[in-house]
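Colleague: Predicted model and sequence below, questions to follow.
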2 protein chains.
Amino acid sequence: MTHIHTEEHFSGSEIVRDIVIGMSDGLTVPFALAAGLTGASQGNSVIVTAGLAEIVAGSIAMGLGGYLAGKTEIEHYVSELKREYLEVEMYPEKEKQEVREVFEEYGLSKESTEAIVNELSLDKDKWVKFMMRYELGLDQPNINRAHHSALAIGLSYVVGGIVPLSPYFSFFTDNPNDGFAYSCYVTAICLFAFGFFKTKIIGQPPLMGAFKTLFIGAIAAGSAYIIARLISG
Amino acid sequence: MTHIHTEEHFSGSEIVRDIVIGMSDGLTVPFALAAGLTGASQGNSVIVTAGLAEIVAGSIAMGLGGYLAGKTEIEHYVSELKREYLEVEMYPEKEKQEVREVFEEYGLSKESTEAIVNELSLDKDKWVKFMMRYELGLDQPNINRAHHSALAIGLSYVVGGIVPLSPYFSFFTDNPNDGFAYSCYVTAICLFAFGFFKTKIIGQPPLMGAFKTLFIGAIAAGSAYIIARLISG
């Protein structure tokens, strides 16, 4: 029961982490793009069009990219697994030597190491599982997890991106500078809040994380603003 | 000597991987944004301004974000290391039980497991190192590596982003549709080539990877184009 509970807890916080990653990236780049276009004296309709095009492109690149990367990871794992089974079958002595090397690092005695090697080699499945995990550092990827992760990141990017863009929508204001001011305001609050939760999740000081996330957004938006202003100057 | 050679080889391919990641993202999003703005019948100067603002914002978000994430990872490792030393000191029996659990998974006998536990607990440094690696799955992060990685990804994003944007530059053409046509052409070639190398590096069928990368770029750009066209009516 404890084990099941831990797994559930972990998977829940992973989804939260994906949402936070997608959302804080979504907050940063569209915010900075809109700021840049305000700096280049573009009207609100251009800012909104460019912003939405960026959100669509960015979320697809992140989401679909993540989905296909997840599938590639599975294929990689399966091909390595096949190779490891083959090696255990064909070159058992070489593979035993690799197990020895894993344990030599931790200063185990020759006797204990030999005992481990011999016991491990009795069960090919467990032996291969051990090699995958401790020699190659590969964990069995969870394909559903990869898909959910891609979806969560992509959708959160859209939701995050709408926040800095919404103040430029025509039913709020027609003035890009007003849109920019409100965009700074709501985005700063959201970046701070997401930075806070993002760092809290990994068990780091959350206030420091909140300032870091806000700082990245400010640097990105400030630089985009200056560059766009210089070009259109 | 073999060991040193392997490390060098690994670090070299990691930098290549970072460059390829940054560049294929840089190719995709600015390409799709420019396509979207062409769909919204914007002039070349707006497309170039928005594109450059996006490249600046995206590379900073990726680069600076990666840099700070690397620093956070170090802090996380150091705090876990401290906690593990404390636990080994204060609750050695609990930590010994955790070592047992690691090996029980692989069906080792009680005797071998006890021998490992007893030998490991003789040297606190190696014991903690073992717990970090096999219980928590944490490798000592390389801070220089994280910084180089952030820099490589950020700069490659800039280089990659310039490719799809350059056909819209005023010394090439003033016509957005011409810019778009050339942009599709050069970006498709680059996405295909980078997809090819990206998949070759991880040892997967490279032609399949080339088509996948091209596919993501096409979907992202096509969607951005349609959305922007719908908004601009």
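Modeller: Cool, got the structure. Residues are numbered from 1 along each chain as shown, chains lettered A, B, ... in the order given.

Colleague: chain center to the helix or strand containing A:Tyr225: distance?
Modeller: Secondary structure assignment for A:Tyr225, by DSSP states H and E: helix A:206-232. Relative to the chain's own centre, helix A:206-232 is displaced by 20 Å; criterion: C-alpha atoms, centre = their mean, to the nearest Å.

Colleague: Pull out the buried residues from that helix.
Modeller: Burial within helix A:206-232, assessed by neighbour count using 16 or more other C-beta atoms under 10 Å in any protein chain shown, is assigned to A:206, A:209-214, A:216-225, A:227-229, A:231-232. For glycine as for every other residue, the C-beta is placed from the backbone atoms N, C-alpha and C.

Colleague: do stretch A:59-78 as well
Modeller: A:59-73, A:75, A:77.

Colleague: which of those residues come close to chain B?
Modeller: With C-beta under 8 Å from any C-beta of the partner chain as the criterion, the buried residues of stretch A:59-78 include A:Ile60, A:Ala61, A:Leu64, A:Gly65, A:Leu68, A:Thr72, A:Glu75 near chain B.

Colleague: if I read this right, the third one contacts B:Ser223, doesn't it?
Modeller: Spelled out, that is A:Leu64. No - counting by C-beta atoms under 8 Å, A:Leu64 stays clear of B:Ser223, with 9.8 Å between them.

Colleague: picking that back up, return the subset of the buried residues of stretch A:59-78 lying in helices.
Modeller: A:59-73, A:75, A:77 (DSSP state H).

Colleague: what stretches of chain A score poorly on pLDDT?
Modeller: Scanning chain A for pLDDT under 70 picks out A:1-14, A:233.

Colleague: what residue of it is the furthest out?
Modeller: What lies farthest from the middle of chain A is A:Glu111; by C-alpha atoms, centre = their mean that is 43.2 Å.

Colleague: Stretch A:88-108 and chain B, are they touching?
Modeller: Yes - Stretch A:88-108 reaches chain B (C-beta under 8 Å from any C-beta) through A:Phe103, A:Glu105, A:Tyr106, A:Gly107, A:Leu108.

Colleague: my bad, stretch A:185-203
Modeller: Yes - using C-beta under 8 Å from any C-beta, stretch A:185-203 reaches chain B at A:Thr199, A:Ile202, A:Gly203.

Colleague: Tell me the buried residues within the residues you listed.
Modeller: Looks like the residues of stretch A:185-203 next to chain B have A:Thr199 buried, using 16+ other C-beta under 10 Å.

Colleague: Export the residues of stretch A:185-203 next to chain B to a markdown table and append columns for secondary structure.
Modeller: As requested, the residues of stretch A:185-203 next to chain B are exported to a markdown table (DSSP: H, G, I helix; E, B strand; the rest coil):
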| residue | secondary structure |
| --- | --- |
| A:Thr199 | helix |
| A:Ile202 | coil |
| A:Gly203 | coil |
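
Colleague: Which parts of chain A are helices?
Modeller: Using DSSP H, helices in chain A cover A:2-39, A:44-90, A:92-104, A:110-120, A:124-130, A:143-165, A:176-201, A:206-232.

Colleague: Those: which one's closest to B:Pro176?
Modeller: helix A:44-90 (13.1 Å; C-beta to C-beta).

Colleague: now that closest one against helix B:206-231, angle please.
Modeller: Angle of helix A:44-90 versus helix B:206-231, following axes from the mean of the first three to the mean of the last three C-alpha atoms, to 10 degrees, is 160 degrees.

Colleague: And helix A:44-90, what does it pack against?
Modeller: helix A:2-39, helix A:92-104, helix A:124-130, helix A:143-165, helix A:176-201, helix B:2-39, helix B:44-90, helix B:206-231 (3 or more C-beta pairs under 8 Å, 6 or more residues apart in numbering or on different chains; DSSP states H and E).

Colleague: Quick check: buried residues in the shortest one?
Modeller: So the one you mean is helix A:124-130. Buried residues in helix A:124-130 (16+ other C-beta under 10 Å): A:Lys126, A:Trp127, A:Val128, A:Lys129, A:Phe130.

Colleague: and chain B, which of those residues contact it?
Modeller: Among these, chain B is touched by A:Lys126, A:Trp127, A:Lys129, A:Phe130 when using C-beta under 8 Å from any C-beta.

Colleague: would you list these in TSV and tack on distance to A:Gly51?
Modeller: Below are those laid out as TSV (distance: C-beta to C-beta, whole Å):
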residue	distance to A:Gly51
A:Lys126	53
A:Trp127	54
A:Lys129	48
A:Phe130	50
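
Colleague: Now the two most distant members of those residues.
Modeller: Once C-beta to C-beta is applied, those give A:Trp127 and A:Lys129 as the farthest pair, at 7.2 Å.

Colleague: got any residues that touch both of the two?
Modeller: B:Tyr106 (C-beta atoms under 8 Å, 6 or more residues apart in numbering or on different chains).

Colleague: Setting aside sequence neighbours, what's the nearest residue to A:Phe130?
Modeller: In this structure, A:Phe130 finds its nearest non-sequential neighbour in B:Tyr106, 5.2 Å apart by C-beta to C-beta, 6 or more residues apart in numbering or on different chains.

Colleague: surely that neighbour meets A:Lys129?
Modeller: Yes - judged on C-beta under 8 Å, B:Tyr106 makes contact with A:Lys129 at a distance of 7.0 Å.

Colleague: returning to that earlier point: quick one, the helix holding A:Tyr225 and helix A:143-165 angle?
Modeller: Using the same axes, to 10 degrees: helix A:206-232 against helix A:143-165 is 60 degrees.

Colleague: quick one: helix A:206-232 to helix A:176-201, angle?
Modeller: 150 degrees.

Colleague: Check which helices and strands helix A:206-232 sits against.
Modeller: helix A:2-39, helix A:176-201, helix B:44-90.

Colleague: For the closest residue in space to the residue farthest from the centre of chain A that isn't next to it in sequence, give me its contacts.
Modeller: The shortest distance from A:Glu111 to any non-neighbouring residue, by C-beta to C-beta, 6+ apart, is to B:Ala115 (7.4 Å). With contacts taken as C-beta under 8 Å, 6+ apart, B:Ala115 has the following neighbours: A:Ser109, A:Glu111, A:Ser112, A:Ala115.

Colleague: how much space between A:Val128 and chain B?
Modeller: Relative to chain B, A:Val128 is positioned 10 Å away (C-beta to the nearest C-beta, to the nearest Å).

Colleague: Go ahead and confirm A:Glu80 touches A:Leu136.
Modeller: Yes - contact criterion C-beta under 8 Å: A:Glu80 and A:Leu136 qualify, at 6.2 Å.

Colleague: circling back to that earlier point, the helices of chain A: which one's closest to B:Gly43?
Modeller: Of all the helices of chain A, helix A:44-90 comes closest under C-beta to C-beta, at 9.8 Å.

Colleague: Fine by me, thanks again.
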